[in-house]
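> need a 3D model of the sequence below.
(one chain, ligands or ions: 1)
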Amino acid sequence: MADDEHGAASDAEFHARAARWHGDLNRALHALYGERADFAAWQAKALQIALEAHRARPAALRALDRAREADPAWFLAPDRIGYSCYVDRFAGTLEGVSARIGYLQELGVTYLHLLPFLKMRPGCNDGGFAVSSYRAVEPSLGDMHDLAALAQRLRAGGISLCADLLCNHTADDHEWALRAKAGDAHYRDYYLTFADEAQTKAFEAHLGQVFAVTAPGNFTFSPELQAWVWTTFYPYQWDLNFANPAVLLEMAAAMLNLANHGVEVFRLDSAPFLWKRLGGDCQNEPQAHAIIQALRALAAIAVPAVALKAEAIVPAAQLVDYLGIGPSAGKECHLAYNTNLMTLQWAALARGNAELLAEGLMAMPRPPPNTGWLSYVRCHDDIGWGVLRGGPEGKARDWEALRGFLSKFYAGETENSFASGAAFQVTNAQAVHGTSGSLASLCGLERALLAGDAGEMDLAVRRILLMAAVSFAFGGVALINMGDELGQLNDLTFAQGPRYDGDGRWLHRGAMDWGQAALRTALGSIPGRVFRGFQALARARATLPLGRAPDLVETGPASVLRMHHRQSGAHFLLLANFSPREVPVALPAGVWRDVLQDKDGLSGELPLEGYGARWLLRAGIVNKTG
Ligand code: OTU
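Residues are numbered from 1 along each chain as shown. So this is what the prediction gives:
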């Protein structure tokens, strides 16, 4: 085909997609900017940006677009095992990550989330979450060419690349901010500025605080602007003004450009905070959803191979909205972090009781078709206890007391605690925010090793694998946080690290210990046991009949979680004992196969050891490929 013919055919493809998503894009844009006299011009401009991105899209990625349009649930396959890491901490540079693809494949990884790697503010930058340019890689990590090369190698190895889209804020040295500081009114309108401090106080009266200790308040005075700037997070992270349509289009263009470099999944950082309203807490506003829906529609039109993932650390009642509701069901994010599963798992582990976990999971609405959850037990952030609030239907319960208990338990401050984590951003002895600490340290491995207690070490390893077995069994994408697959401990030297800036989350962001990784084949070693445990879960999961979410979650006895997936005749059952004591567990009728231990013919009653987990399939109904 001649070039112009190619172009024409491809533009036709674009226009067909634009027609399909026309209604959704318009609904979202209208909700945001419908009142403006120049609305039609912005609408046209949005489509123009999408068309330019589509024309610039490499042929291989266009082929991927077509394949994924035919398989819209591609990211929900049971072999979707994610891995999350900082580029420098894992492998030095983007090129270094390329050299470690084999390691990721050995573990069973098919989805790689690289924490922020774009050009970041020098000095304090919140681990790269203060972006100076959306179009350049941080020079110490590589360049845009390395990014495209890495994405391509990952894709060839069956791994999808996920990157953050820092949509809520830029660094205060981003070009837009610099121009605003230099007096350019066009760019000043990219941010939320207030000349009068009283205005900020009026907002502040209804706002929470994310970094109450290291960055109190939500506004920062800029001497250059002679005004207060909205800064939800650190003072150098300037919140963007999405009431200005130019900001949304800049963000869309940045996203599409990264997609054309091979990014397949965007993690929408701080998604709840995108829209501000006087008198509200400025989270989860309907317009924040409209912004995401507009980004989704533009991605679907220009780069349909791409998926969006919401980072919304909000209570369960608000969470499913990020997958779209009403006319937008299934048309907002493809994925969202399952904060509910994560925090309730930690609650179950501390209490030796799975009832609250089962109840909380049953209360979650089912994700819309072609969407799902990202399950995780640890990530680069703290465990935010604030999401544990109970829904409107939730039983009357003292959630505040529970959050207080969990914070103390995982800081190792209660009598029976095995954990060595630390409270994060706590302003006074009563306040609770989150907990820092690595999976292994929170599960007791750090203390056990210090005490040289082999029995405790064994229990800690079982807790680690129990937490993973539950998280992996939920369906959707299961994410491993770098180092957890080796039982890596807290980094006790974190306060001396170059990126620390007084932020306690660096406790669990130590560099990858490749020495420990070398032990992964050593049968008797702890890293070996943990790695092989994760690997076995990843391999077995690929064969399981997992739905988007379990269809029944219950307990029996109280310490044992029972999670069921019934898919096209097959029945998968997870049993997970959150107590240290062995308990007898009654199996549902039928003959079961233990897929992790490869044992057949199980029926009746099963003794489940302390912190034991089983993945069972009802024999006879399983598909033959499994
Ligand atoms: C996100 O975090 C990122 O994951 C953090 O690493 C960043 O510091 C932050 O945004 C700013 O970019 O509020 O819903 O409680 O869970 O800051 C988004 C701490 C967030 C994090 C919280 C989170």
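> and whichever residue of the chain sits closest to the ligand, what does it touch?
Relative to the ligand, the nearest point of the chain is Phe129 (3.5 Å; CB to the nearest ligand atom). C-beta here means a position set from N, CA and C on the backbone, and glycine is covered the same way. The contact partners of Phe129, by CB atoms under 8 Å, 6 or more residues apart in numbering, come to 116, 164, 166, 233, 237, 269.
> how about TSV for those residues, with distance to the ligand and pLDDT added?
Shown next, in TSV, are the contacts of Phe129 (distance: CB to the nearest ligand atom, whole Å; pLDDT from 0 to 100):
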residue	distance to the ligand	pLDDT
Pro116	8	98
Asp164	8	98
Leu166	6	98
Phe233	4	97
Gln237	6	98
Asp269	5	98
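> buried subset of these, written for PyMOL?
To isolate the buried ones among those in PyMOL, judged by 16 or more other CB atoms under 10 Å, type:
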select buried, resi 116+164+166+233+237+269
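> which members of the contacts of Phe129 are positioned in helices?
In helices, judged by DSSP state H, none of the contacts of Phe129 are found.
> tell me where the stretch 101-250 of the chain has helices.
All helices of the stretch 101-250 of the chain, identified by DSSP state H, counting those that start in this stretch, fall at 101-107, 144-156, 175-181, 185-188, 197-204, 245-260.
> and the contacts of the longest one?
The set of residues that contact helix 245-260 without belonging to it, under CB under 8 Å, 6+ apart, is 29, 32-33, 36, 42, 45-46, 49-50, 53, 56-58, 61, 134-135, 163, 165, 167, 176, 186, 189-190, 240-242, 266, 291, 294-295, 298-299, 302-303, 305-306.
> list the residues that contact Gln488.
With CB under 8 Å, 6+ apart, Gln488 has these contacts: 438, 440, 482, 510, 512-513, 516.
> just flag the most distant two among those.
Ala440 and Met512 (13.8 Å; CB to CB).
> higher neighbour count, those two?
For Ala440 versus Met512, neighbours defined as other CB atoms under 10 Å are more numerous around Ala440 (28 against 20).
> and the next element down the chain from the helix or strand where the more buried one lies?
Under the criterion of DSSP states H and E, Ala440 resides in helix 439-442. Heading C-terminal from helix 439-442, the first helix or strand you meet, by DSSP H and E, is helix 445-451.
> now for that following helix, which elements pack on it?
In terms of contacts (3 or more CB pairs under 8 Å, 6 or more residues apart in numbering; DSSP states H and E), helix 445-451 is packed against helix 454-472.
> do the helix or strand following the helix it packs on and the ligand come into contact?
Toward the C-terminal end, the helix or strand that comes next after helix 454-472 (DSSP H and E) is strand 477-481. No - using CB under 6 Å from any ligand atom, strand 477-481 stays clear of the ligand, with a minimum separation of 12.0 Å.
> tell me the helix or strand right after strand 477-481.
Trace forward from strand 477-481 with DSSP H and E and the next one is helix 514-518.
> which residues outside that next one are in contact with it?
103, 486-488, 527, 531.
> what do you get if the cut-off is 10 Å, keeping everything else the same?
Contacts with helix 514-518, where a contact means CB atoms under 10 Å, 6 or more residues apart in numbering, come from 90-91, 100, 103, 106-107, 483, 485-489, 525-528, 530-531.
> now which of the residues you listed would you call buried?
The buried subset of these (16+ other CB under 10 Å) comprises 90-91, 100, 103, 107, 483, 485-489, 525-528, 530-531.
> please report how far Tyr111 lies from Ala67.
Distance, Tyr111 to Ala67, by CB to CB, to the nearest Å: 16 Å.
> of the two, which one has the most company?
Neighbour count, other CB under 10 Å: between Tyr111 and Ala67, Tyr111 has more, with 28 against 12.
> in this structure the more buried one contacts Arg267, no?
No - Tyr111 is beyond contact range of Arg267, at 11.1 Å (criterion: CB atoms under 10 Å).
> common neighbours of these two, please.
84, 162, 309, 335, 374.
> hang on, isn't Leu25 packed against Ala300?
Yes - Leu25 lies in contact with Ala300 (CB under 10 Å); the separation is 8.7 Å.
> and for those two, which residues touch both?
18, 50.
> neighbouring contacts of whichever helix or strand Leu356 is part of?
In the assignment (DSSP H and E), Leu356 maps to helix 355-362. Contact with helix 355-362 is made by 316, 338, 340-341, 343-349, 351, 354, 388, 390-391, 393-395, 397, 402, 470, 474, 549-563, 576, 578, as judged by CB under 10 Å, 6+ apart.
> enumerate the residues of the stretch 1-150 of the chain near the ligand.
126-127, 129.
> centre-most residue in this protein?
Most central in the chain under CA atoms, centre = their mean is Tyr337, positioned 4.5 Å from the mean C-alpha point.
> so Ala299: helix, strand or coil?
helix (DSSP: H, G, I helix; E, B strand; the rest coil).
> quick one, what contacts the nearest residue in space to it that is not next to it in sequence?
Excluding its sequence neighbours, the residue lying closest to Ala299 (CB to CB, 6 or more residues apart in numbering) is Val306, at 4.8 Å. Val306 makes contacts with 61, 64-65, 68, 160, 255-256, 258-260, 263-266, 295-296, 298-300, 334, as judged by CB under 10 Å, 6+ apart.
> quick one: the strands in the stretch 1-150 of the chain, in order.
For the stretch 1-150 of the chain, the strands defined by DSSP state E, counting those that start in this stretch occupy 81-85, 111-114.
> so who does Glu582 touch?
607-612.
> likewise for Arg548?
73, 76, 323, 366-373, 474-476, 565.
> and it, what's its pLDDT?
At Arg548, the model reports a pLDDT of 93.
> which positions in the protein make contact with the ligand?
Applying CB under 6 Å from any ligand atom, one finds that the chain approaches the ligand through 126-127, 129, 210, 233, 269-270, 272, 311-313, 380-382, 384, 434.
> out of those residues, which end up buried?
126-127, 129, 210, 233, 269-270, 272, 311-313, 380-382, 384, 434.
> inside strands: which ones of these?
384, 434 (DSSP state E).
> out of the buried ones among the residues of the chain next to the ligand, which comes closest to His571?
Once CB to CB is applied, the member of these that ends up nearest His571 is Ala312, at 32.0 Å.
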